[in-house]
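[1] Sequence and predicted model, in that order:
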Amino acid sequence: MTTLPLEYSLRGLARGRSRTLLALAGSLVAGALIATASAFLGGMEAALGSTASPSRVIVMGAGSEESLERSEIGARAPGILSASVQGIRRTAGMEHVSAETHVALPIAVDGAEATSDNGLVRGIGPAALLVHPIVRITGGRWPERGASEVLAGASALRRLGIDPSTALGSRIVLAGTPLTIVGTMQAPGSTIDGEWWMPLEDITTLMRRETISCVILDLDRATIGDVQAFTVSRLDLELAVLAELDYYASLLAFFKPVRLLVAVVAGLMALAAALGGASALAAAFSERVRENAVLETLGYPRHAVILDVLLQCTIIAAAGATAGGLLAQWLLSGLLVEFSMGTFALQFDARSTLLAVATGFVVAIVAAFLSTWRWIGLPTPEALRTT
């Protein structure tokens, strides 16, 4: 005889039910925390990554490369760029040159200004849909200039508690100015899904400014070097050029401390829950010192008994952690998280589930080690006398 029967292991799970339930609860909490932290990190990475394109470049104010919201360039820059840089992508004769203003403003449902939220507002023109092909108008129409109208992202609406399917015609207050939602849009997985779009002239008037934030170019035959050569030749415009991928990569690096903090806090909380579950399991199995010694006298080697304990711990801990990961996914999937660039949704995927399962295996190994440590150091005759 080299291994214990599986039936024996399964019957052992029914003993010490209270401690088994405690171990399950600890593993469940640990798995849920790890899966949620993974979904947070994955959601932020996916949102920033899917917003960028390798063919697009951002022309912004020199010295403001870290944030479009702080950038300011002259309103004539888009026209000069369009006339000076050859090889910009065209569709139906229209160049992919989008003049934009990015600004974070307080926003609330009309009549509920006391519960205002901060929203990222983007002032745009018709070319915005050319340089942001991920955007789809899902209802209504494009906002008209001077009509106090706005186009709303699905995530932005949900953050204010507005159902996107019934949002058309709703009134909001943006920085004290009433606006009407005339259109809804979706940009799944990107930060744009949490933005508010309005005509560039309207946001310029609202902010009492004569400058814009940036110009986004979608390049065809031209390269970023061509755009940089232009900005060097026109120092009077005080422009800087960044590839869109590099800009959003720098944002991801900027938020690295936040991501690290989330991972550390979730890890510590999961560790506390996991240790609680492991301790409960260890307490349940450490009482079986005499039982393990009896199994030895019946001819089962020590490694077979240790494997039996590990199997039982694995069944309990892995089941709890997996259930925790799936429960977190069911309850929190799609939950919106606000940050300075808009919003992103928690993204539960195979990685988050695997991390939850791995957490269960770690709990099982720790519990099995603690459970058998006392017995391993005892000779069989002494273990038989243990109470």
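    Structure's in. What do you need? Numbering: from 1, shown residues only.

[2] For the longest strand anywhere in the chain, buried residues please.
    Counting residues, the longest strand in the chain under DSSP state E turns out to be strand 97-109. For strand 97-109, a neighbour-count test (16 or more other CB atoms under 10 Å) marks 97, 98, 99, 100, 101, 102, 103, 105, 107, 108, 109 as buried. All C-beta atoms are positioned from the backbone trio N, CA, C, and that covers glycine.

[3] ok, the third one - contacts?
    Contact analysis of residue 99 by CB atoms under 8 Å, 6 or more residues apart in numbering lists 75, 77, 78, 125, 127, 200, 212, 214, 215.

[4] between whichever strand or helix holds the last one and strand 97-109, what angle do the directions make?
    When elements are defined using DSSP states H and E, residue 215 is found to belong to strand 214-218. Between the direction of strand 214-218 and that of strand 97-109, the angle (axes from the mean of the first three to the mean of the last three CA atoms, to 10 degrees) works out to 120 degrees.

[5] Strand partners (parallel or antiparallel) of strand 214-218?
    Sheet pairing here is set by DSSP bridges, and for strand 214-218 it gives strand 56-61 (antiparallel), strand 97-109 (antiparallel).

[6] Could you report the neighbour count for residue 171?
    The number of residues packed near residue 171 is 13, by other CB atoms under 10 Å.

[7] Quickly list what it is bridged to.
    Beta-bridge partners, per DSSP bridges, of residue 171: residue 180.

[8] from here on, count from 45
    Renumbered: residue one is now 45, and that last one reads residue 215.

[9] State the distance from it to residue 413.
    62 Å (CB to CB, to the nearest Å).

[10] Skipping adjacent residues, who's closest to residue 401 in space?
    Taking CB to CB, 6 or more residues apart in numbering, and ignoring the residues beside it in sequence, residue 401 has residue 366 as its nearest neighbour in space, at 5.3 Å.

[11] looking at this, that neighbour is in a strand?
    No: counting by DSSP: H, G, I helix; E, B strand; the rest coil, residue 366 is not part of a strand but helix.

[12] how's the chain carved up into domains?
    Following automatic domain parsing, one finds the domains of the chain at 50-93+300-428, 107-281.

[13] hey, least reliable of these by pLDDT?
    For the domains of the chain, mean pLDDT drops lowest on domain 50-93+300-428, to a mean of 78.

[14] Quick check: the nearest residue to residue 122 once chain neighbours are set aside vs residue 102, distance?
    Leaving aside its sequence neighbours, residue 122 sits nearest to residue 143 (CB to CB, 6+ apart; 4.1 Å). As judged by CB to CB, residue 143 and residue 102 stand 12 Å apart.

[15] got any residues that touch both of the two?
    258, 259.

[16] Helix or strand: which one has the residue most central in space within the chain?
    Centroid check for the chain by CA atoms, centre = their mean gives residue 87 as the closest residue, at 2.1 Å. Using DSSP H and E, residue 87 falls within helix 61-95.

[17] same check, this time on residue 170
    Counting by DSSP H and E, residue 170 is found in no helix or strand.

[18] what does residue 370 give?
    Going by DSSP H and E, residue 370 is in helix 346-376.

[19] what does residue 395 give?
    Residue 395 belongs to helix 394-420, assigned by DSSP H and E.

[20] same deal with residue 126?
    Going by DSSP H and E, residue 126 is part of helix 121-128.

[21] Buried residues, that helix. List them.
    Buried residues in helix 121-128, counted by 16+ other CB under 10 Å: 121, 122, 125, 126.

[22] and the closest residue to residue 95 other than its chain neighbours, how many residues sit next to it?
    Distances taken as CB to CB, 6+ apart place residue 234 nearest to residue 95, at 4.3 Å, with adjacent residues excluded. By other CB under 10 Å, 26 other residues sit near residue 234.

[23] my read: residue 234 touches residue 94, true?
    Yes: using CB atoms under 8 Å, residue 234 makes contact with residue 94 at a distance of 4.6 Å.

[24] between the two, what contacts are shared?
    Jointly contacting residue 234 and residue 94 under the rule CB under 8 Å, 6+ apart are residue 178.

[25] Return the distance of residue 145 relative to residue 162.
    Taking CB to CB, one finds residue 145 at 16 Å from residue 162.

[26] quick one, the helix holding residue 395 and helix 61-95 angle?
    Using the same axes, to 10 degrees: helix 394-420 against helix 61-95 is 150 degrees.

[27] quick one, phi/psi of residue 390?
    The phi/psi pair for residue 390 (degrees, to the nearest 10) reads phi -60, psi 130.

[28] helix or strand for residue 240, which one?
    Going by DSSP H and E, residue 240 is in strand 239-243.

[29] okay, now residue 316: neighbour count?
    Neighbour number of residue 316 under other CB under 10 Å is 14.

[30] quick one: the helix or strand hosting it to chain centroid distance?
    In this structure, residue 316 is located in helix 300-330 according to DSSP H and E. Remark: helix 300-330 is offset 21 Å from the chain centroid, using CA atoms, centre = their mean, to the nearest Å.

[31] for that helix, packing partners?
    Packing partners of helix 300-330 (3 or more CB pairs under 8 Å, 6 or more residues apart in numbering; DSSP states H and E): helix 61-95, helix 346-376, helix 394-420.

[32] Which one of the ones you listed lies nearest to residue 270?
    helix 61-95 (23.4 Å; CB to CB).

[33] With that, I have no additional questions.
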